[in-house]
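**Q** Pasting the sequence and the predicted coordinates here, then a few questions.
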6 protein chains.
Amino acid sequence: MAPVKVASVQAASVAYDLHASVAKLLPLVKEAAQAGARLAVFPEAYLGAYPRHLDFKIGARTDENREWFSRYVKAAVKIPDGAEGVAWLSANEEDIGEDGDFWAFQQLCKAARDNKINLSVGIIERSLVGATLWCSNVLISDGGVLLSKHRKLQPTAAERIVWSQGHVTNEPGLPNSGLAHTDNLAVAPTSIGKIGGLICWENFMPLARYALYQKGVEIYTAPTADGRPTWTPLLQSIAQEGRCFVVSANQYHGTTDFPSDYPANISRAGGAKEDVWCRGGSSIVDPLGNILAGPLWDKEGILYADIDIDTIIGAKLDFDPVGHYARSDILSLQIKQ
Amino acid sequence: MAPVKVASVQAASVAYDLHASVAKLLPLVKEAAQAGARLAVFPEAYLGAYPRHLDFKIGARTDENREWFSRYVKAAVKIPDGAEGVAWLSANEEDIGEDGDFWAFQQLCKAARDNKINLSVGIIERSLVGATLWCSNVLISDGGVLLSKHRKLQPTAAERIVWSQGHVTNEPGLPNSGLAHTDNLAVAPTSIGKIGGLICWENFMPLARYALYQKGVEIYTAPTADGRPTWTPLLQSIAQEGRCFVVSANQYHGTTDFPSDYPANISRAGGAKEDVWCRGGSSIVDPLGNILAGPLWDKEGILYADIDIDTIIGAKLDFDPVGHYARSDILSLQIKQ
Amino acid sequence: MAPVKVASVQAASVAYDLHASVAKLLPLVKEAAQAGARLAVFPEAYLGAYPRHLDFKIGARTDENREWFSRYVKAAVKIPDGAEGVAWLSANEEDIGEDGDFWAFQQLCKAARDNKINLSVGIIERSLVGATLWCSNVLISDGGVLLSKHRKLQPTAAERIVWSQGHVTNEPGLPNSGLAHTDNLAVAPTSIGKIGGLICWENFMPLARYALYQKGVEIYTAPTADGRPTWTPLLQSIAQEGRCFVVSANQYHGTTDFPSDYPANISRAGGAKEDVWCRGGSSIVDPLGNILAGPLWDKEGILYADIDIDTIIGAKLDFDPVGHYARSDILSLQIKQ
Amino acid sequence: MAPVKVASVQAASVAYDLHASVAKLLPLVKEAAQAGARLAVFPEAYLGAYPRHLDFKIGARTDENREWFSRYVKAAVKIPDGAEGVAWLSANEEDIGEDGDFWAFQQLCKAARDNKINLSVGIIERSLVGATLWCSNVLISDGGVLLSKHRKLQPTAAERIVWSQGHVTNEPGLPNSGLAHTDNLAVAPTSIGKIGGLICWENFMPLARYALYQKGVEIYTAPTADGRPTWTPLLQSIAQEGRCFVVSANQYHGTTDFPSDYPANISRAGGAKEDVWCRGGSSIVDPLGNILAGPLWDKEGILYADIDIDTIIGAKLDFDPVGHYARSDILSLQIKQ
Amino acid sequence: MAPVKVASVQAASVAYDLHASVAKLLPLVKEAAQAGARLAVFPEAYLGAYPRHLDFKIGARTDENREWFSRYVKAAVKIPDGAEGVAWLSANEEDIGEDGDFWAFQQLCKAARDNKINLSVGIIERSLVGATLWCSNVLISDGGVLLSKHRKLQPTAAERIVWSQGHVTNEPGLPNSGLAHTDNLAVAPTSIGKIGGLICWENFMPLARYALYQKGVEIYTAPTADGRPTWTPLLQSIAQEGRCFVVSANQYHGTTDFPSDYPANISRAGGAKEDVWCRGGSSIVDPLGNILAGPLWDKEGILYADIDIDTIIGAKLDFDPVGHYARSDILSLQIKQ
Amino acid sequence: MAPVKVASVQAASVAYDLHASVAKLLPLVKEAAQAGARLAVFPEAYLGAYPRHLDFKIGARTDENREWFSRYVKAAVKIPDGAEGVAWLSANEEDIGEDGDFWAFQQLCKAARDNKINLSVGIIERSLVGATLWCSNVLISDGGVLLSKHRKLQPTAAERIVWSQGHVTNEPGLPNSGLAHTDNLAVAPTSIGKIGGLICWENFMPLARYALYQKGVEIYTAPTADGRPTWTPLLQSIAQEGRCFVVSANQYHGTTDFPSDYPANISRAGGAKEDVWCRGGSSIVDPLGNILAGPLWDKEGILYADIDIDTIIGAKLDFDPVGHYARSDILSLQIKQ
């Protein structure tokens, strides 16, 4: 296979505004595709918002808490049951309308298909019933087909107040649908290689990464909200450890990317994008740990790199995490579904 | 049971070219079958190549190392999970195509079935994920069924760089498949007797051999890459020690059997088959240590011998390694799976 | 516990010369102790040599290979059976003599005790019988007691020719001694915290690291021979992932640190320390991934850092790899002894 | 250690005549020592006789059987309890007299000491009470000290009628003597290396050999009575497998070496040494399986070879049966004492 | 418990012909049952043959030896692993066919069940792998369940060439089966009392007998091949010493019970049953040493005696070998498993 | 050694009259010696009396009981401390007088020496202090030296009222004498072979016999008081089991051999030797179980047999209870001193 170009999109979402966020995403997809990219990775929670600086106290929920949670749920994305791997878009070509349940999902699928680009997009996923949320990553093929949906296994710290945990498999949102569970730790074959990944600090979980290595991940996507310099070495380590390409995308966002009445905006004086809440740091790394693009700090932008999947085998000459270097005779991962 | 004819095929593989090696194997199988052989044993790494004279230094891998490893992986054979003992071929009759994952395996099964001959073939086995390799021996029945797959337990010296270790059992290549581990030290009943074996210098491992004796091996196959005169006495000793027939096949190969751009070819002047890298030495031995055929040196060829399994009992009158001569009251083999 | 000073010693060993290497080690231990360090970490294979650039070909061992292997074995260190956790030194105070089996080990114990410093030293360990070697790390308390011995689980590439694998536990070197197996993945309590670690590329093994996290490692030692810039981010990732301090020591060595008749010296023109074979890169990292000292490139030297074990708990607020962030309900490590 | 000369003595014993056999042994020891040998290995049953062609039927013992058994017992050697490793000879310098219990043993110790040569001598050992015999090998140091006594674990075929089995340890011959059991699978350090061995077809027992490898045998003695050409390859295989020198000694004997009234002599016509009952085949082999001396066929004689123990380490570069090539993680030997 | 009738069957087996021997056994079982016997004891080696007069020489096995050993192995009986104490027959009701592995065993179980009689039958037992044989005694309940299998601990004289030793426990025939060892010195409760025993000259082993006394044997079975008058007093002594009933069965056999091409038949002139090779001597003895039936000499036949288990207690008034008369304060039996 | 004659003396003692018994013994010794015997064995309790028919009730001792016990004690024999193996007689040549402590013992020694005959005599042994008795057997050399003294380990039934138990060793009769314990299960070398033995029903104790076999007994003496026909087969079994000669002596006695006021005499009508209380049954048996002399019934007399110790080795060809047939790997006798 010839080398292909991949893109990491560093951009702020329009927090708590699904429609505006989708509207901002579409031209970015087009730009990346026109630059020749065959894959574009968007940051964690790009659709829905990374609810930075929401404030909770232990032992008491305020009305303000409830109100903002409610707005947050409404800005989240619903994913249709049973869409993985099937021609859902072909069967749902008609415009759903911005208020329709699967409008945002339909938009993503169309953008991927129309631009012939694979998409990995961080979203806030909303339960088909109830008000439960997950921090998810959807992988959509360049044919517009949902390949996999990954729900973050373990939210970090206060994220646990608003996001639920993912599991090994995803049960259908509508109970008794007869649909099978789908793989929440999927590695999906695409036109450019096998793609899988984790979200933000899950990437620190050795066993979760190992589950992906066992499935032969070649392009590892790591949408994140961690804007510290210590994020970069993690990406390099995953690349070396997993003998895979790593594409990580983060938001560059601050005060102005959130509603003006957002509690964290209200509690501060002044305005404009004076305060940066997340510096970015998106990067693309090769399987020997060399940084191909980025880290991009302190601005929005799209990173590109040409990657050659075929070099992975050579990289595994001296390290194959689930093969010759695994010591599977003594150490193994046990997954309980 | 009447005596049967068995064959040891001494031939070079077309190194690093899976398709050409398969193409060279098929007429050899046919020739052996037409000569009346009920079993044909091929050398270690016949499919894939014995990567002789690949050069590695401790503490540094070169780009050339990675490139040739990559070519080597691509010339290796994939074995479908769960194929042992089931009618995999019947369920996979359609031509897979040379690029299909299990093409070479399908060819072996068809060759065995169509020629009504049991096959023991040394292959380089490729992990279903990752880029890990094993030096394996597949035993295929004259009905075209994979009976067992043995991965070399312990590669020798620099082989350890490119080949992984086998274990007591083989885990499925696709993790969490629900398939059971298969026996990596199997002794399989066939139409002509119980067949098992080890590969190359594993045959020097007393405890590994003992594990096969405990399973009642009658025809012990020993594909090898050791072309020294000191290999022959080992075969005679195994035969006597195990009270079994031993069929050992080695490659006769040299410079022209490897690609012209092969490092070891480039580093030398001149061409043609001037340099012999492995002199062969294939042999067939009876349970009392007498050589029935071979050793064949310095050329390709097929050795034949008529063997009578029924003489094994008589040979065990005075030595049964796992029975009356074992002193199992004081000495025993412990296997940790 | 008050912060304590730890040291990472970047130095070349006197390759293939055990006595000279010990002679070089002793003043370095003293220097570190006098600078106030409570722990000194020495590089991989400091005693014995990292046999860089030894050259092996697949399928053939030369007389030169055997001769240098023989020299290598003789420069290796023997560790007495059953010494872990007991007052071996008190019972073996008398000078063993440079040719005695446990001379080097005795020197290490005395150096630790006499300088009141904990030592983590990369050694080449020699089997008590046979000629098998392991790349090991011995941890010796500031009282001169061997706390643990770790044998590298998986040598990398051509290292596999000269070093054997470690396992989950270490069997006694003298079989049927009645001694218990010792833990090969130990995390030992010391006067300054719980110390454990892996050697060189093992550190890329997610499951092996996880085994140490499960035992509560606080100071993670990582002797290495990897002198590339991509080593540093791995250390930062381990620190963050494991929420522990990481102390990594590498050799800075080149042509003149190896015997003049060393094959890799003979095969090159010129002399002096012109050729650097390993640039170093020793570092000390805190549990949030921040580099406290180093990386030290292109020279010998001792790095120091003051570390405060008590900060580990705070660092685990948002990530505890084997606790609240582990998802042990679905993912677990299975260790087979 | 400089290379040393070792000797394998191929000679017939004076069957059923202990005194004559000792008388024949003494000058052979002297000859070997004067030729510079530091070790002389004598054949199986050299003192006592290999009772070749004694004839037994299942389910019936004849008077002739009992009579010859009685003669055989009387020609056997008694070994004093507790003599291993102690200065028995110093405490028993006085001539015991040919009818004394330990006369033959004393002669052996004196021959070894006076000629400054290590001796490994196959003897028929007699129980200190009862009429039980073992086929044993005594190893006596060049200081005249019994280093070890090995009783054949498993006699072959009809040997089982006259010889008892050895065990893992040897119990004292006088019960309740308070003496400890001695090691029946000993590998003893000597002035020229670690010596151990098995007798005749025991050498085909993989687990028994493995027990010796685990003790680090360097010079493996294999007294035998097997005079077939298939014995030689076994020696070569043991040498390669165990990475040790192998010294095998057999008798060259026939009709005239046995009493004229010996049943097998009576049952044949003619006389003189017309009938050869055992062709010899003594050999000395190096750790790579190369034959250094012999096989010597069809005559008596002493074989010599210069062996260099220090080459063993190099030979273990690519194979160490109990070390790096052992796969002790999955395969181990269990010894039940 | 009321007195019960027991039977000792003195009959020749059809030597070396398993099917014919079974065919001869079945009506004898029926006859004994119809006479009211609740237990029938058959001689040593009834199934398989006592290989009387097979001729072996020390130091040489002939082709004829090997050929007859091979025939002997094929006439032996295989016992399924794990059948002791379980309803093997119920799970294996279908006819196995004469060539099936466990055909003879199934026939014995059916005969016991269908005739409602306990059976103790001397058999030649064949290893489930290899060509090792044991001289065994199977005890089958009147419900058709295998209660115990005893392998002769120590074959006598030339028997050692063809039979292996039993141990304290029997390991499963298929290694690593996970099945537990079974008791080789069992005393099994039956519908008529506790039954145990030894075979032929084992009965002279004081310690082995003692092991059975310690388990409370009430009916001691002693199948034998010793047809001398000195056998009878041994039975009387065992009965007195063990305070138990003793039932001993021997074959009455001669030339015509063996194949016409049997070596011992060929070596003699003439035919018919002229030569008697074993005179019989079967007997039944009471716990005070009185002979209740037999000895039966020089013909086939079934002996019967009515025995009253309840008299054993009275007989132990003055002698209880493992109780009041044992002096267990100073003398005890140590069994090493 | 040439065959020697041995004698078994069947005679009644003069019960309860030590002096008369000694007086009756002396001519019998002379007679045996003159007939050429080198050993004479006398029955159990020959000196002192076998107190047949003494009557005891549980829970009550009568005055008559006490009186007869008192007479019994007075008729018993005292053995000097420390006499075993030393020249006691030489130091005590002077006539002790009938009332002297060691008079009877001195008589025995003199009889043995003067007639140059070995003696084994059943005696009632009296404690040197107190009124404890043992049923003992003294073995006195043909030089008049006490070789061993054996106290019956376990009296039978009502014997337990008057006799105490022996132990493994005999403590000196005078406490704090500083003398060592002597062996109570001794086998002593004599001029005609190794002699040991047990008394009466002890001979049924398998472990006690085994203790003697372990010491190499060649002539086994069995003084007894059992006059039933079932005694004979025990002797034959011991001979076969122990591969030794057995010499058993019993009293032929009845009413007239006891005092006329003896309770059992008083309670019956009539007199003379009408009532026989013990029929005798003395015998001599060879190591294959053949009866050489006896059993002698219903009269007094001396049995003779010529025995050839040298045939023992031949007899051990096929059975050695403590050697090749012992299975000492699994069964052993533990003796607690």
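**A** Structure received. Residues are numbered from 1 along each chain as shown, chains lettered A, B, ... in the order given.

**Q** C-alpha only now, for contacts and for neighbours.
**A** Fine.

**Q** Tell me who's in contact with the single nearest residue of the stretch 101-250 of chain A relative to chain B.
**A** At 5.0 Å from chain B, residue A:216 is the closest residue in the stretch 101-250 of chain A, using Cα to the nearest Cα. Residues in contact with residue A:216 (Cα atoms under 8 Å, 6 or more residues apart in numbering or on different chains) are A:187, A:194, B:129, B:130.

**Q** Quick check: phi and psi at residue A:158.
**A** Backbone dihedrals for residue A:158, given as degrees, to the nearest 10, come out at phi -70, psi -10.

**Q** From residue A:51, how far out is it?
**A** 10 Å (Cα to Cα, to the nearest Å).

**Q** what helix or strand does residue A:104 sit in?
**A** Residue A:104 belongs to helix A:103-115 when assigned by DSSP states H and E.

**Q** quick one: buried residues of that helix?
**A** A:103, A:104, A:105, A:106, A:107, A:108, A:109, A:110, A:111, A:112, A:113, A:115 (16 or more other Cα atoms under 10 Å in any protein chain shown).

**Q** of all these, which comes closest to residue B:97?
**A** Using Cα to Cα, residue A:113 is the member of these that sits closest to residue B:97, with 29.7 Å.

**Q** Mind jotting down where the helices sit in chain A?
**A** For chain A, the helices defined by DSSP state H occupy A:18-34, A:63-74, A:88-91, A:103-115, A:159-162, A:206-213, A:231-242, A:263-266, A:311-315.

**Q** looking at those, which is closest to chain F?
**A** Using Cα to the nearest Cα, those put helix A:206-213 closest to chain F, at 50.0 Å.

**Q** Can you name the residues in contact with that closest one?
**A** Residues contacting helix A:206-213 (Cα under 8 Å, 6+ apart): A:185-187, A:196-198, A:202-203, A:242, A:321-322, A:333, C:206-207, C:210, C:241, C:321, C:331-333.

**Q** same thing but 7 Å
**A** A:185, A:187, A:196, A:203, A:242, A:322, A:333, C:206, C:207, C:210, C:331 (Cα atoms under 7 Å, 6 or more residues apart in numbering or on different chains).

**Q** Ok, stretch A:193-204 next?
**A** Stretch A:193-204 is contacted by residues A:44, A:152-154, A:186-189, A:209, A:212, A:217-226, C:241 when judged by Cα under 7 Å, 6+ apart.

**Q** at 6 Å instead, please
**A** For stretch A:193-204, contacts defined as Cα atoms under 6 Å, 6 or more residues apart in numbering or on different chains pick out A:152, A:187, A:188, A:217, A:218, A:219, A:220, A:221, A:222, A:223, A:224, C:241.

**Q** What separation do you get for the closest residue to chain F within the stretch 51-200 of chain A and residue E:226?
**A** Using Cα to the nearest Cα, the closest approach of the stretch 51-200 of chain A to chain F is made by residue A:168 at 54.6 Å. Separation of residue A:168 from residue E:226 (Cα to Cα): 72 Å.

**Q** what does residue A:222 give?
**A** 84 Å.

**Q** Look at those two and report which has more neighbours.
**A** residue A:222 (32 against 22; other Cα atoms under 10 Å in any protein chain shown).

**Q** tell me the contacts of the more buried one?
**A** So residue A:222 contacts A:197, A:198, A:199, A:247, A:248 (Cα under 6 Å, 6+ apart).

**Q** For chain D, see how far away residue A:285 is.
**A** 36 Å (Cα to the nearest Cα, to the nearest Å).

**Q** same question, residue A:31
**A** 55 Å.

**Q** Count the neighbours of that residue for me.
**A** 14.

**Q** go on, residue A:94?
**A** For residue A:94, using other Cα under 10 Å, the count is 9.

**Q** ok, for whatever residue of the stretch 51-200 of chain A ends up closest to chain C, nearest residue in space, not its chain neighbours?
**A** Taking Cα to the nearest Cα, chain C has its nearest neighbour within the stretch 51-200 of chain A at residue A:157, 5.3 Å off. In this structure, residue A:157 finds its nearest non-sequential neighbour in residue C:318, 5.3 Å apart by Cα to Cα, 6 or more residues apart in numbering or on different chains.
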